[in-house]
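A.B. asks: Sharing a model prediction with you, sequence too.
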Amino acid sequence: MPDLSDDELLAELGVSAAPKKTGALTAREERIVAGFEDIQRFVETHGRLPLHGEGHDIFERLYAVRLDRLRDSPEAQTLLTSLDTQGILSGGFAKATFQPSKLDDDALLEELAPETPAPNDIRVLRHVRSQEERRAAEEVASRSACPDFNLFRPLFEQVEGDLRTGMRQSRPFARDPSVSVGNFFILGGQFAYVAEMSEWFKAPNGDDDARLRVIYANGTESNLLMRSLQRALYKDETGRRITDPNPGPLFSEQWEENDVESGTIYVLRSLSEHPFVAEHRELIHKIGVTGGDVKVRIGNASQDATYLLADVEVVATYKLSAINRTKLEGIFHRIFAPAQIDLTIQDRFGHPVRPREWFLVPLSVIDEAVRRVTDGTITEFAYDPKVAALVRQ
């Protein structure tokens, strides 16, 4: 054998001489990988990709949103390519799952036909409801339509938005089994909100218990014991507690995707001639955050339903540095959610639109909220529309 260099010898043996990448992942990269692994587990369990739509549980919808974002992110594509053994990001999974073009007519009919058990198959219970059917019947029997669901709908919409922006997190229920008024949970793939709790009393077994009014995101409610809710959450493998809003670090030395070096909080007042807006013009404000020029941001307001299809005036601006824009907007929208106006207007095509970022709040209270964001005390306060002021929680 002729004399070979070290690199050539390694090549003959099939060993790459290229140095391997070393070093731990950043915190952001770890979050991306962990999020993708959740999607992989879903695909492995269900044999399909997660889908959008109200017909699917909250976890599947969140995974579907996450998958869309990962596919749109070059950074995520580079980081996850070697981990994507199922072809989730590349689209290979969907192509490999079912290819009817490769089947003849008989095979295609067989693939689509439901499996029919033999008439005398002893594995099939006849005239007996399955455990899933009994569980579903019990759930329907214990729930009724919520007559004032319109009061709770904005809370569920806010929670779902907070989960997407990271303001809230979902945690396994077993880590914290406590239950109190205002708690959100995920039970059976549905958001559940504890709206009321009775006085404590002693159960027959001697444990403390209480009667709850629980509202569900599908517009139903139930009147059940706290211990019953806890048992249901323990038994549900996907049962989760939704944490309270946590804005996280707004001002940080570690930069992330949504951070801006210098940002502006802006407060707008609408010049719309809509009767309700005209009557309360001095109190109706839109609060936003931008990393660019505010005037450019609002330049096309009269053509944008977000701005009520009318010109606006800037009534206040506040300069901040090194802020996470998404989290900051989430804080303001959470604090002033009780004062969010419910207004429907027609867009340029005659379609009804309900803008969500306008609030019936005095400018002085917004000014106080900005100061409390700056000094870090905003999480201790909530807005009370009855007194039009921030009150300590």
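C.D. replies: Noted; the coordinates are in hand.

A.B. asks: Helices along the chain, start to end?
C.D. replies: Ranges of helices in the chain, per DSSP state H, are 6-12, 27-46, 58-72, 74-80, 92-97, 105-112, 131-142, 153-165, 226-235, 275-279, 294-297, 325-335, 363-375.

A.B. asks: quick one: low-confidence ranges for the stretch 251-393 of the chain?
C.D. replies: In the predicted model, the stretch 251-393 of the chain carries pLDDT under 70 at residues 251-262, 321-326, 348.

A.B. asks: show me where it has strands.
C.D. replies: Using DSSP state E, counting those that start in this stretch, the strands found in the stretch 251-393 of the chain span residues 259-270, 284-290, 312-324, 345-346, 352-353, 358-360, 381-384, 389-392.

A.B. asks: Nearest to Asp236 among those would be which one?
C.D. replies: Set against Asp236 and scored by CB to CB, those come closest in strand 381-384, at 30.3 Å. C-betas here are computed from N, CA, C, even on glycine.

A.B. asks: neighbours around Glu380, how many?
C.D. replies: Close neighbours of Glu380, defined as other CB atoms under 10 Å, add up to 11.

A.B. asks: Likewise for the one 4 residues further on?
C.D. replies: Residues within reach of Asp384, counting by other CB under 10 Å, total 13.

A.B. asks: Tell me who's in contact with it.
C.D. replies: Asp384 sits next to Pro338, Leu390, Val391 when contact means CB atoms under 8 Å, 6 or more residues apart in numbering.

A.B. asks: Also Phe359?
C.D. replies: Ile284, His285, Lys286, Ile287, Phe336, Ala339, Gln340, Ile341.

A.B. asks: how near is the closest residue in space to the fifth one that isn't next to it in sequence to His285?
C.D. replies: Of all residues not flanking Phe336 in the chain, Phe359 sits nearest, at 4.4 Å (CB to CB, 6 or more residues apart in numbering). With distances defined as CB to CB, to the nearest Å, the gap from Phe359 to His285 amounts to 6 Å.

A.B. asks: Same check on Pro177?
C.D. replies: 41 Å.

A.B. asks: which one of the contacts of Asp384 has the most neighbours?
C.D. replies: Leu390 (21 neighbours).

A.B. asks: Ile366 is in contact with that residue, correct?
C.D. replies: No: in this structure, Leu390 is not within contact of Ile366 by CB atoms under 8 Å, at 9.9 Å.

A.B. asks: So Gly219 sits against Asn150, correct?
C.D. replies: No: at 9.5 Å, Gly219 does not count as touching Asn150 under the criterion of CB under 8 Å.

A.B. asks: Between these two, point out the one with more neighbours.
C.D. replies: Gly219 (15 against 10).

A.B. asks: how far away is the more buried one from Gly161?
C.D. replies: 19 Å.

A.B. asks: Likewise for Val370?
C.D. replies: 21 Å.

A.B. asks: These two - which one has more neighbours?
C.D. replies: The neighbour comparison of Val370 against Gly161 (other CB under 10 Å) goes to Val370, with 18 against 15.

A.B. asks: what residues are up against Gln40?
C.D. replies: Neighbour list for Gln40: Leu83, Gln86, Ile88 [criterion: CB under 8 Å, 6+ apart].

A.B. asks: any idea how far Thr377 is from Ile366?
C.D. replies: 15 Å.

A.B. asks: go on, Asp208?
C.D. replies: Counting by CB to CB - Asp208 and Thr377 are separated by 34 Å.

A.B. asks: Please indicate which of the contacts of Phe359 has the highest neighbour count?
C.D. replies: Using other CB under 10 Å as the neighbour test, the contacts of Phe359 are led by His285, with 26 neighbours.

A.B. asks: Quick check: that residue vs Trp358, distance?
C.D. replies: Where Trp358 is concerned, His285 sits at a distance of 7 Å (CB to CB).
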